[in-house]
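>>> Please work out how this folds:
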Amino acid sequence: MSLIVQKFGGSSVADAESIKRVAKRIVETRKAGNEVVVAVSAMGDTTDELLDLAHEVAPIPAPREMDMLLSAGERISMALLAMAIESLGHDARSFTGSQAGMITDARHGAARIVDVTPVRLREALDEGAIVIVAGFQGFNRDTKDITTLGRGGSDTTAVALAAALDADVCEIYTDVDGIFSADPRLVPNAQKIDRITSEEMLELAANGAKVLYIRAVEYARRHGVTLHVRSSFNNNEGTIVYNPTESETAVEEPLIAGVATDLSEAKITVVGVPDIPGKAAQIFTIVAKTGANIDMIVQNVSAASTGLTDISFTLPKSEGQLVLTALRAEQEDSGFKALQYDDQIGKLALVGAGMRTNAGVSAKLFTALYEAGINIEMISTSEIRISVVTRADTINDALRVVHTAFGLDADTEAVVHAGTGR
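Numbering: from 1, shown residues only. Next up is the predicted model:
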């Protein structure tokens, strides 16, 4: 008997009919002789609606109460799903994150999992029940408070349960047929990827691919969990995200796995920084104190006549004003001349394990962008990734020309069944 963890997102359980369809799929998995644990998200746009409601009653909602509110969405869907399964003649038991043993730190709104103790889940499985767990939420032992894991928390819940229960596979159900070489909403002829390494998926998720959240991919990679990303609207095989063994890494990898874009970042340029040791450290220490997550960094060559340089970096738009305020407060002590803020940028990332052993990838990327008349403002690389920053209004054109240049276009259009790819 295999143990399978399944995760269903909000678009998969958006209404009563969707919940009944998901219940039938879960029962089919159980009838095939498998133990089944399901992590479920809130129905449809419930989380966003609750967020809007909170801000209507309080301009700055208390973080503890916000977690109490938002965790209600998953509790509704888990109970309804258990009822639908029961109506099909199978025993199902629903559990909140705390009942499932999802132990987190005390940070509200973006808690991190510190331990998983699924004692009650194992007991229910041993008694033949299908287990339904509310995703996105946990419990802090010190404060005794409910916490939420932030966006993509249900993915992380599913992966953490799979690791703790030593599941054979963690199936992530969404509204597309798997992981594609690009977002099929932006590139209709993107091709489905049958298998992708966790390392490549981590880079794609970190650079804007929304089908899997980066924290879930990190957790799966760290704990050796195999992911199967597939559609909840059909029975097609999806995409396997795996941790390659030594023998598998010896096999030739595809040159490029996919292309991702991200419009959620802004660029800050610190103008006129004295080009002397310690100044960059001073500036980024100020940034670090805000808790902002820095992505790309570029420092220009200093001007011989002034001995000054410019340092540019990208960060989430949501953290931009906080960082600007912190830097302005320390401007006199840091000695830089001015700050520039640009939130009209887009980032494109080309990802593929085959880059390690193939030359000419950068030349082909830059040539494709040049021929399309798209200017590059920043460049960053890793062993298996090249990222560039360009104007936000050209990023979709950049995505399509790069996708074509690297031979990733499929002969048929991808099917998007519903929702946004989550």
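>>> Ile19: what's it in contact with?
Applying C-beta atoms under 8 Å, 6 or more residues apart in numbering, one finds that Ile19 lies in contact with Val13, Met43, Ser77, Leu80, Leu81, Ala84. Placement of C-beta: from N, CA and C, glycine included.
>>> hmm, who's touching stretch 68-79?
Under the criterion C-beta under 8 Å, 6+ apart, residues 13, 19, 40-43, 46-47, 50-51, 53-54, 61, 94-97, 132-137, 146, 148, 154 lie in contact with stretch 68-79.
>>> Going through those residues, which ones are buried?
Of all the contacts of stretch 68-79 considered here, the ones buried according to neighbour count by 16 or more other C-beta atoms under 10 Å are 13, 19, 40-43, 46-47, 50, 54, 61, 94-97, 132-137, 146, 148, 154.
>>> still on that earlier bit, among the contacts of Ile19, which one sits closest to Ala23?
Ala84 (3.6 Å; C-beta to C-beta).
>>> Could you find the closest non-adjacent residue to the closest one?
Distances taken as C-beta to C-beta, 6 or more residues apart in numbering place Ala23 nearest to Ala84, at 3.6 Å, with adjacent residues excluded.
>>> Which elements pack onto the helix or strand Glu56 falls within?
Assignment of secondary structure by DSSP states H and E places Glu56 within helix 46-57. Contact here means 3 or more C-beta pairs under 8 Å, 6 or more residues apart in numbering; DSSP states H and E; on that basis helix 46-57 packs against helix 63-87.
>>> Tell me the buried residues in the helix it packs on?
Applying a neighbour-count criterion of 16+ other C-beta under 10 Å, the buried positions in helix 63-87 are 66-75, 77-82, 84-85.
>>> for stretch 320-333, same thing?
Judged by neighbour count using 16+ other C-beta under 10 Å, the buried positions of stretch 320-333 are Gly320, Val323, Leu324, Leu327.
>>> Stretch 331-340 too?
For stretch 331-340, by 16+ other C-beta under 10 Å, it's Ser334, Phe336.
>>> what's the span of it, first residue to last?
13 Å (C-alpha to C-alpha, to the nearest Å).
>>> hang on, the earlier thing: in CSV, list the contacts of Ile19 along with pLDDT and distance to Leu369.
Written out in CSV, the entries for those read as follows (pLDDT from 0 to 100; distance: C-beta to C-beta, whole Å):
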residue, pLDDT, distance to Leu369
Val13, 93, 40
Met43, 95, 41
Ser77, 97, 43
Leu80, 98, 48
Leu81, 98, 46
Ala84, 98, 49
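>>> Looking at those, which one is closest to Ile386?
When the contacts of Ile19 are compared against Ile386 (criterion: C-beta to C-beta), the nearest one is Val13, at 37.7 Å.
>>> Return the distance of that closest one relative to Ile19.
Relative to Ile19, Val13 is positioned 5 Å away (C-beta to C-beta, to the nearest Å).
>>> Please identify every residue contacting each of those two.
Shared between the contact lists of Val13 and Ile19 (criterion: C-beta under 8 Å, 6+ apart) are residues Met43, Ser77, Leu80, Leu81.
>>> Can you pick out the most distant pair from those?
Looking at the shared contacts of Val13 and Ile19 by C-beta to C-beta, the two members farthest from one another are Met43 and Leu81, with 9.7 Å of separation.
>>> Identify the contacts common to these two.
Residues touching both Met43 and Leu81 (C-beta under 8 Å, 6+ apart): Val13, Ile19.
>>> which residue sits closest to Ser98 in space, ignoring its chain neighbours?
With C-beta to C-beta, 6+ apart as the measure, Phe139 is the residue that lies nearest to Ser98, at 3.5 Å, once sequence neighbours are left out.
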